[in-house]
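Predicted model, plus sequence, below.
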Amino acid sequence: MGNYELQRTDSICTPPELQLLEYVKANNSAKIRSFVSENSDSLHTVIGHPYDKPILYIACCELANEIRSETIETLIQLGASLHHTDAVHNDMEAIHFAALGGNPKVLEVILRHLKQDEINTVTSNNNTALSLVVKEGDGNLVECVRMLVLNGINVNLSDAKNLTPIFWAAKKGYAEIVRVILYESGQNVDVDSHKLRGKSARDYMKELNLSDAFTTPNNNETGTVHNHLFQLLKQGDEDTFVNNEYVVHSANSDDGVQTLLQLATKNGLSNAVTFLLNHGADPNKTTTRTPTPPIQIATTNGNHKIFNALLSHINTIIPESTLMDLLKHVDNEIITDEINHNLCYEMFLKNKARSININGSDRSGNTALHYAARYGGASKTLELLRNGASMASTNKYGSLPIEDIDCNTLETHLNECMEINLDSNIDKENFTATFNYKTLMPQSSCSTDKCNYDTETACKLISQAITQLSSETKVISYISKSPELKHLLMHPTITSFLYMKWHRIRWFFYTNLTFYISFCLSLILYILLVYGNQTDDQHNVLAYILSTFLGLTFILLLLRELFQISVSPKIYFRQLENWLELLLLTLTAIILFERSPQQDIRKQVAAITVLLAAFEMVLLIGQHPKMSTNIVMLRTVSANFFKFLLWYSILIIAFSLSFYILLKDGPQEDKKDGEAEEVDFFISPGLSLFKTIVMLTGEFDAGSINFNVYPVTSHIIFMLFVFMIAIILFNLLNGLAVNDTQVIKSNAELVGHVARIQHIAYIESMLLGNVAPVGIVNCCKKYCCCLSSSVTNRFFVPRMLKRRVCLFPHFLHDYKLVVYPNQFAKVSLLTDVYSDSESETCYAQCTSIYLDRQTAKRIKHLIKERKEGAEAEKLKNSTMQMQNDIISEQQKCIQELRKDRQLILRKLDYIIGQIGLHD
């Protein structure tokens with residue numbers, strides 16, 4: 001299809017393509033060459049109204065009468081496409097426009113640059129250049145026709161109405177063109193087979209009084225074999241097609257638009273498809289006009305017989321989009337017995353499940369699982385998941401397949417992710433449960449467009465997939481944010497993964513915590529011993545030591561924050577604790593580098609810094625799984641408290657202003673000697689608001705409030721404040737906090753899992769990201785093309801750190817975790833870290849990993865449920881088998897009884913007959 005572009009019409013500069021058009025009109029080949037060398041895109045740009053075509057096509061058609069052949073030759077030599085097509089012009093190419101232009105010299109240049117099979121190219125209406133020049137051409141038609149037939153164009157190719165060029169020439173009365181086609185083409189011309197309203201080309205030739213009408217033989221059986229075969233398929237006459245003797249030799253033929261196999265597949269002719277495949281038709285052959293392979297046509301149409309025939313053929317190349325195309329239509333209503341997308345899907349998955357890339361994506365980035373979850377229902381979703389489809393495959397819109405999977409389907413799959421041998425004794429100590437996390441992990445990035453690999457290529461792809469490191473928490477992060485799926489976070493498959501993931505990254509937490517504690521200690525000691533007492537010379541040595549240590553930890557903390565900002569600035573600035581850290585760094589820098597601030601400034605900065613450091617310490621400790629629930633309670637209660645308080649702050653501000661208006665003018669009482677002067681908090685709006693907020697907690701200090709000026713009004717407003725704010729609002733906020741705390745405690749385990757996922761996902765985003773901004777890296781790759789990928793990859797986090805974060809593929813192989821449920825959920829680590837021979841050593845025993853108790857209990861419970869379910873199913877099958885055996889025995893007995901009854905009846909008939917004879 002053509003690439004149409006929006007063009008500016010208000011620019012003071014002439015667009016390059018229009019400037020080139022002027023040079024073409026002037027036939028200035030030198031300027032054309034010079035201009036195209038600097039503006040190569042103008043040669044391919046589609047010029048808008050009234051042309052709507054590229055420059056070469058305009059020259060061949062609209063400018064045909066004034067253009068020189070040398071100009072056309074120049075454009076072609078510079079790279080103008082002869083095969084550009086678009087739907088606006090019915091997929092016409094250069095040869096068609098040149099034929100319509102009617103300039104034989106232009107047409108000759110075009111023909112000189114085409115291969116023999118390209119001369120017969122047809123439009124979407126099945127018109128060849130010869131058909132177009134006869135039906136719609138202008139100019140020197142006879143010479144153009146002569147040029148085409150002398151270059152070997154097929155004069156018997158019919159158009160969409162099944163009419164040939166000689167038919168149209170005879171109908172239009174072009175006697176000279178008829179003679180050129182008959183005598184100069186060197187082909188057996190069919191003048192009888194193609195008719196319109198009962199009249200053939202021969203009939204029109206007779207009307208023209210052409211003697212050729214009586215002498216031209218009927219060549220429809222020899223010269224138009226291919227046309228006849230295509231006509232049979234278009235008419236749906238399978239029997240005649242299969243019995244035609246020419247099919248065997250023409251199985252791979254095409255009419256310029258499509259092959260016989262493509263046409264038979266498109267029209268749903270299963271017998272013709274099978275016959276063509278059995279007689280050597282190439283199942284992958286396509287044409288320029290119809291690049292869609294037969295298997296893809298059958299996939300879209302849903303004809304299961306044709307689909308099965310093509311699928312079973314040994315030479316058929318299966319496009320990666322086949323599975324996705326089937327799933328798009330799998331919910332279509334079954335109208336006929338032949339059209340059944342669901343049956344095609346079952347055939348495909350049964351025969352090709354092992355050999356296809358099940359995680360392949362289309363142009364939108366959607367995988368088969370995206371479409372299965374959306375259109376296929378639970379059964380097909382589970383089927384793809386069992387075959388290894390990834391729920392972590394993100395399309396270009398950022399959507400995951402799991403977004404369309406319901407909780408019951410997902411829970412069923414998570415149950416199936418735990419692989420156990422139900423035939424063995426589940427109470428034995430060496431009984432194992434294997435968790436398969438493959439569907440939770442992102443797909444390999446080394447997928448290709450084809451799914452038929454040789455052995456060497458397959459090995460390379462597998463090795464690339466094994467060494468790939470990527471985020472492992474996409475799916476679980478989505479589950480933690482989904483209200484419908486969040487309860488599944490307590491499933492053993494997920495909790496075991498989270499436990500192992502935490503075990504993998506805990507080094508990062510403890511390292512970070514140790515470093516931050518060192519920073520806080522040095523900061524607080526420096527503030528207490530040095531910063532608050534800068535004039536004391538006895539602490540010079542101590543000041544030097546503390547400032548050096550604080551400066552070192554400050555630089556490391558600054559580098560840590562800069563690293564996080566460079567890797568993922570969006571994620572970094574969305575988190576409140578990161579803003580606290582930046583503020584803490586700013587204040588620490590002031591403490592370190594501002595040597596002589598005023599005393600009051602030093603004290604304020606020091607106080608705020610100590611508080612910020614403590615807040616950050618609490619948040620950091622709260623990242624530990626055992627402390628996460630407490631931090632979540634603090635955050636949730638604080639957020640809800642301030643949210644409601646912000647809403648009711650309108651009343652608080654109103655009361656503070658009321659107190660200020662009523663109480664600011666009260667007379668001041670004379671203080672006795674030795675008595676401290678009390679502060680009047682209602683002399684300004686700011687102090688009044690401060691006092692009102694303090695009174696919100698119950699600290700009224702009513703004795704110091706002067707109600708004498710407006711005794712009635714001030715007492716009423718004060719009592720209203722006590723009742724509405726101090727009693728109702730304050731207790732409402734307390735109740736809200738208690739309710740939030742109870743909800744969090746009741747879901748403590750779930751809350752802990754969510755907090756752990758957030759922490760793990762954040763660490764992954766940091767250590768699996770790019771240190772340098774993506775724009776800088778892309779710029780280096782673009783302008784420094786001599787740099788190898790290994791050099792540009794140095795911008796990324798060191799691979800050693802990435803490996804310390806990821807479970808797969810180095811820590812756990814094949815996306816699997818083996819657990820011994822009857823050994824306190826001990827984890828089997830037969831990996832690069834622990835070999836089989838080392839698993840029995842003292843060191844291995846001391847460093848063994850055990851899952852948490854809740855996960856261990858749930859694993860045993862799930863194993864017991866599946867064992868009971870398997871036994872119940874086995875008992876059900878056994879009972880049904882016994883019932884079937886009893887029924888079959890009863891049927892045998894009934895048959896025996898029927899035979900005995902028939903025998904008795906025959907004997908009775910015989911006896912009765914004998915008695916009748918004696919009588």
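Sure thing, it's come through.

Would you map the strands across the stretch 101-250 of the chain?
All strands of the stretch 101-250 of the chain, identified by DSSP state E, counting those that start in this stretch, fall at 195-196, 199-200.

Also the chain?
195-196, 199-200, 418-419, 433-436, 816-820, 826-828 (DSSP state E).

Quick one: closest of these to Glu889.
strand 418-419 (39.7 Å; CB to CB). C-beta coordinates here come from the backbone N, C-alpha and C atoms, glycine included.

Report the strands that pair with that closest one, each with its relative direction.
Strand 418-419 has its sheet partners listed here by DSSP bridges as strand 433-436 (antiparallel).

list the contacts for His313?
277, 283 (CB atoms under 8 Å, 6 or more residues apart in numbering).

likewise Arg374?
So Arg374 contacts Asp404 (CB under 8 Å, 6+ apart).

distance of the residue sitting nearest the centre point of the chain from Ser568?
With distances taken as CA atoms, centre = their mean, Asn395 lies nearest the centre of the chain, 1.5 Å away. According to CB to CB, to the nearest Å, Asn395 stands 21 Å off from Ser568.

Check Arg386 too.
Computed as CB to CB, the Arg386 to Ser568 distance reads 35 Å.

what distance separates stretch 643-652 from the centre of its chain?
Put simply, stretch 643-652 sits 44 Å off its chain's centre (CA atoms, centre = their mean, to the nearest Å).

So for it, what gets flagged as buried?
By neighbour count on 16 or more other CB atoms under 10 Å, the buried set for stretch 643-652 is 648, 652.

tell me the mean pLDDT over it?
For stretch 643-652, the mean pLDDT works out to 85.

Identify each buried residue in stretch 318-334, please.
By neighbour count on 16+ other CB under 10 Å, the buried set for stretch 318-334 is 318-330.

what's the answer for stretch 858-867, then?
Neighbour counts using 16+ other CB under 10 Å place 858-860, 862-863, 866 of stretch 858-867 among the buried residues.

Any chance of TSV for those, columns distance to Ser424?
TSV is the format used below for the buried residues of stretch 858-867 (distance: CB to CB, whole Å):
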residue	distance to Ser424
Arg858	20
Ile859	15
Lys860	15
Leu862	16
Ile863	11
Arg866	13
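
Tyr375 versus Leu369, what's the distance?
To Tyr375, Leu369 is 11 Å away according to CB to CB.

Among the two, which residue is more densely surrounded?
Regarding Leu369 and Tyr375, a neighbour count based on other CB atoms under 10 Å identifies Leu369 as having more, with 31 against 18.

Please convert the strands of the chain to CSV, extending it with mean pLDDT and distance to Asn244.
Output for the strands of the chain, formatted as CSV (pLDDT from 0 to 100; distance: least, CB to CB, whole Å):
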stretch, mean pLDDT, distance to Asn244
strand 195-196, 84, 21
strand 199-200, 85, 22
strand 418-419, 92, 56
strand 433-436, 92, 55
strand 816-820, 92, 58
strand 826-828, 89, 67
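
Tell me which of those approaches Asn103 most closely.
Nearest to Asn103 among the strands of the chain is strand 195-196 (29.9 Å), distances taken as CB to CB.

who does that closest one pair up with?
Strand 195-196 is paired, per DSSP bridges, with strand 199-200 (antiparallel).

what about the strand it pairs with, distance to the chain center?
Using CA atoms, centre = their mean, the mean C-alpha position of strand 199-200 is found 57 Å from that of the whole chain.

And for it, what's in contact with it?
Under the criterion CB under 8 Å, 6+ apart, residues 167, 191-194 lie in contact with strand 199-200.

Buried ones among those?
Here, 16+ other CB under 10 Å leaves 167, 191, 193-194 buried among the contacts of strand 199-200.

now the residues you listed as CSV including pLDDT?
Shown next, in CSV, are these (pLDDT from 0 to 100):
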residue, pLDDT
Phe167, 89
Val191, 83
Ser193, 79
His194, 82
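
Which pair of those residues spans the longest distance?
Those two in the buried ones among the contacts of strand 199-200 that are separated most widely, counting by CB to CB, are Phe167 and Ser193, at 9.6 Å.

Most tightly packed of the strands of the stretch 101-250 of the chain?
Among the strands of the stretch 101-250 of the chain, the stretch with the highest mean neighbour count (mean count of other CB atoms under 10 Å) is strand 199-200, at a mean of 18.

Show the secondary-structure elements that the lengthiest helix in the chain is packed against.
For the chain, the helix with the greatest residue count under DSSP state H is helix 853-918. With contacts taken as 3 or more CB pairs under 8 Å, 6 or more residues apart in numbering; DSSP states H and E, helix 853-918 sits against strand 418-419, helix 492-529.

Pick the most deeply packed of the ones you listed.
Neighbour counts (mean count of other CB under 10 Å) averaged over each of the helices and strands packed on helix 853-918 peak at helix 492-529, with a mean of 18.

Quick check: mean pLDDT of that one?
Rounded mean pLDDT across helix 492-529 is 90.

Asn387 and Asn357 touch, don't they?
No: assessed by CB atoms under 8 Å, Asn387 is found out of contact with Asn357, at 11.1 Å.

Between those two, which has more neighbouring residues?
Using other CB under 10 Å as the criterion, Asn387 and Asn357 rank with Asn357 on top: 21 against 16.
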